[in-house]
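Colleague: Pasting the sequence and the predicted model now:
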There are 2 protein chains.
Amino acid sequence: MSRFLSHATNRIDSKGRVSVPAAFRSALAQHNIQELYCFQDFVFPAISVGGVDLLERFERQISAADPFSPDANAMSLLIHGGGVFMKLDAEGRLMVTDFIRDFTGISDEVTFVGRSDHFQLWQPQAFQAAQTQAREERKLAGKRST
Amino acid sequence: MSRFLSHATNRIDSKGRVSVPAAFRSALAQHNIQELYCFQDFVFPAISVGGVDLLERFERQISAADPFSPDANAMSLLIHGGGVFMKLDAEGRLMVTDFIRDFTGISDEVTFVGRSDHFQLWQPQAFQAAQTQAREERKLAGKRST
DNA sequence: TCACATCCCATTGACGCCCATAGGGTCCCA
DNA sequence: TGGGACCCTATGGGCGTCAATGGGATGTGA
């Protein structure tokens, strides 16, 4: 198994660090992920975190198209310009940089959200709101299809 | 590894210098890049910076096309006529010349943006805007295809 | 000779590496 | 089955190093 599942909220300490939940850390270890590729999600105000393979998947997508096209240029702007490598400290914490704060609105608490093959960093209220909205939309979709 | 990744904004000092982020400097070192080749991006109001191999790649691209075509001609005009060589000082800073300022609109701060095999210099707000727009376009494209 | 670029050195604030502690849960054994 | 030892997670903080920045001094070309 070892998917990224469920969510948890941890607080940021005075130095701007936050502990990654143990469950996520062990999932990272099982996937042999040492260096974290983090990028600004395309849809939500959240940072997605995964291994280098995540980045490589995007890069394949780019090189499949014409690498000199404006489209590829824009895509690279997002995944390269909007992405960082990070690594955890010895205690399994990561620095919440301005790169993360500015994009997510995170200030003193982080909600970690499992997304199967990666996980995300959310501002707690933003996650609640997005989840509620997703539930509503599914309800509507259910009514339509059933 | 050792790609140019992420973005960071640094201040230009009174002498017109700006520090290249340490991550980018170490990437340059790993690629054995001493002399920086800089040219104006084809799509965005940004200066692209890389090694000579970057220039050579464009030259291959040109010679792959018909060398006498308008396209190859225009491309040569940009990469040869619009390119300069620069080098960093001992502290890893570069001079922000008028060549850079005029094309990007940079005045007192520079946003460095990683683009995998090279990086770019942006005026901070222009980068924010371009990234936001690229994300919007991706969102729309996603909705269409799903 | 003056403007500007380059070389060198100083400062400070941020970040990485290390160790410490509390609280909660678990396991073991009497 | 209750108590206690133990472990592990989350969190706090000290300290050294290095990056980012500022500025003086020296070199060089117009």
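Modeller: Good, I have the coordinates.
Colleague: which phi and psi does A:Pro21 have?
Modeller: As for A:Pro21, its main-chain torsions (degrees, to the nearest 10) stand at phi -50, psi 140.
Colleague: In three-state terms, how would A:Asp13 be classified?
Modeller: coil (DSSP: H, G, I helix; E, B strand; the rest coil).
Colleague: Ignoring the adjacent residues along the chain, who's closest to A:Ala27?
Modeller: Leaving aside its chain neighbours, A:Ala27 sits nearest to A:Ser2 (5.0 Å; criterion: Cβ to Cβ, 6 or more residues apart in numbering or on different chains). (Glycine included, C-beta is placed from N, CA and C.)
Colleague: Regarding that neighbour, what is its secondary structure?
Modeller: At A:Ser2 the chain is in coil, as set by three-state DSSP.
Colleague: In a helix, A:Ala141, correct?
Modeller: Yes - with three-state DSSP as the criterion, A:Ala141 is part of a helix.
Colleague: Strands along chain A, start to end?
Modeller: A:7-11, A:17-19, A:36-40, A:47-50, A:83-86, A:93-95, A:109-114, A:119-122 (DSSP state E).
Colleague: that older thread, is it true that the residue nearest to A:Ala27 touches A:Asn32?
Modeller: No - using Cβ atoms under 8 Å, A:Ser2 is not in contact with A:Asn32, being 10.9 Å away.
Colleague: So for those two, which sits in the more crowded spot?
Modeller: More crowded of A:Ser2 and A:Asn32, by other Cβ atoms under 10 Å in any protein chain shown: A:Ser2, with 11 against 7.
Colleague: In chain A, which residue sits nearest DNA strand D?
Modeller: Of all residues in chain A, A:Asp13 sits closest to DNA strand D, at 2.9 Å by Cβ to the nearest atom of the strand.
Colleague: got a pLDDT number for that residue?
Modeller: pLDDT for A:Asp13: 95.
Colleague: Equivalent analysis for A:Met1, please.
Modeller: Here the pLDDT value assigned to A:Met1 is 53.
Colleague: Tell me how many other residues surround the closest residue to A:Gln61 other than its chain neighbours.
Modeller: Once flanking residues are discounted, A:Gln61 sits nearest to A:Met75: 7.2 Å by Cβ to Cβ, 6+ apart. When counting by other Cβ under 10 Å, one arrives at 20 neighbours for A:Met75.
Colleague: What of A:Ala46?
Modeller: So A:Ala46, with other Cβ under 10 Å, has 24 neighbours.
Colleague: Now do the contacts for it.
Modeller: A:104, A:113, A:120-122, A:126-127 (Cβ atoms under 8 Å, 6 or more residues apart in numbering or on different chains).
Colleague: now A:Asn73
Modeller: Counting by Cβ under 8 Å, 6+ apart, A:Asn73 makes contact with B:41-44.
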